[in-house]
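J.: Predicted structure and sequence below. I'll ask about it afterward.
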Amino acid sequence: MSRPPHPARPLLFLDYDGTLAPIVADPAAAVPHAAVPGLLRRLHARHPVVLVTGRHLADVAALFEDVPPIRAVGLHGTQTGTLGGDLRHLLSEDAERALARLRTRVPKGDGVVVEDKGAAFAVHYRHASDEAAALARLRAWAADVPAVLTPIWGKKVVELRPAATSKGTAVRTIAAEHPGRTPVYLGDDVTDEDAFEALAAVEGAVSVKVGEGATRARYRLPDVDAVAAYLEGFL
């Protein structure tokens, strides 16, 4: 898989964890790569930039000391706004009720940790002494998820999102607002595959998988350092 090109008029979609910040055991400690804050300020001055993350946007903004009001999509497409600015939630009442019910039934213990995201939550099992057993308990819990929600299995984590909403739906909507711009999406996790798929039919679109693993992306970069170097090329 070849390295990604640099379109002259990009519309930059950037995942956070594993793309702009290295993956760490404690999500609260996932500070951005040292070059990223400056890069974002400079990129924002030249091109439309959209952060697309599974996190609550307020939590991401708190990890930056100084960040421009970049447009952002949080909670896998169910939150929109700007970093450090106003936010809007897109969850239906049915989805909110289902999330509240399932939150009370998470099989906690043995290193299983619930990460609160306000309107949503994630369940991590990377600290479990027996990851296989923890995963089995979580799969049994997720079997009770109603049709209004979809479980998303990531890197030793499971999250629930509304069935009709994803990073892919968000990317399609925003790309349609920028005719004449070439979408460029960088992401590392399974939730980013929805965005890669959404861009598959867009002529010239650049989809970039960060790290190893099977992917629908057209290009690949090995790590966060390579992402920073690639983004520098747009300046």
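T.: Arrived safely. This is a predicted model, so every value here is computed, not measured.

J.: Do you know the pLDDT at the closest residue to residue 10 other than its chain neighbours?
T.: Closest residue to residue 10 apart from its sequence neighbours, by CB to CB, 6 or more residues apart in numbering: residue 184 at 4.6 Å. Just so you know, the C-beta spots here come from the backbone N, C-alpha and C atoms, and that holds for glycine as well. pLDDT recorded at residue 184 is 98.

J.: Could you pull up the residues touching residue 184?
T.: Residues near residue 184 by CB atoms under 8 Å, 6 or more residues apart in numbering: 4, 7, 10, 11, 12, 13, 205, 206, 208.

J.: Let me know how buried the fifth one is, in neighbour terms.
T.: The one in question is residue 12. By the measure other CB atoms under 10 Å, the count of residues near residue 12 is 24.

J.: Next, give phi and psi for it.
T.: phi -90, psi 120 (degrees, to the nearest 10).

J.: cool, residue 136 as well?
T.: Note on residue 136: its backbone torsions stand at phi -60, psi -40 [degrees, to the nearest 10].

J.: Next: residue 210.
T.: According to degrees, to the nearest 10, residue 210 has phi -100, psi 120.

J.: Could you check the pLDDT of the closest residue to it other than its chain neighbours?
T.: With CB to CB, 6+ apart as the measure, residue 188 is the residue that lies nearest to residue 210, at 3.9 Å, once sequence neighbours are left out. pLDDT for residue 188: 96.

J.: what does residue 94 give?
T.: Here the pLDDT value assigned to residue 94 is 85.

J.: who's in contact with it?
T.: residue 148.

J.: so it is in which element?
T.: Here residue 94 sits within helix 93-103, counting by DSSP states H and E.

J.: Equivalent analysis for residue 172, please.
T.: Going by DSSP H and E, residue 172 is part of helix 167-176.

J.: Pull up the pairing partners for the next helix or strand after that helix, direction included.
T.: Per DSSP H and E, the first helix or strand lying C-terminal to helix 167-176 is strand 182-187. The strands that strand 182-187 pairs with in its sheet are strand 10-14 (parallel), strand 206-210 (parallel) (by DSSP bridges).

J.: Nearest to residue 173, out of the ones you listed?
T.: Of all those, strand 10-14 sits nearest to residue 173, with 11.6 Å by CB to CB.

J.: low-scoring stretches of the protein, by residue?
T.: 119 (pLDDT under 70).

J.: Show me the strands in it, by range?
T.: With DSSP state E, the ranges of strands along the chain come out as 10-14, 49-52, 71-74, 79-82, 87-89, 113-116, 121-124, 149-153, 157-162, 182-187, 206-210, 219-221.
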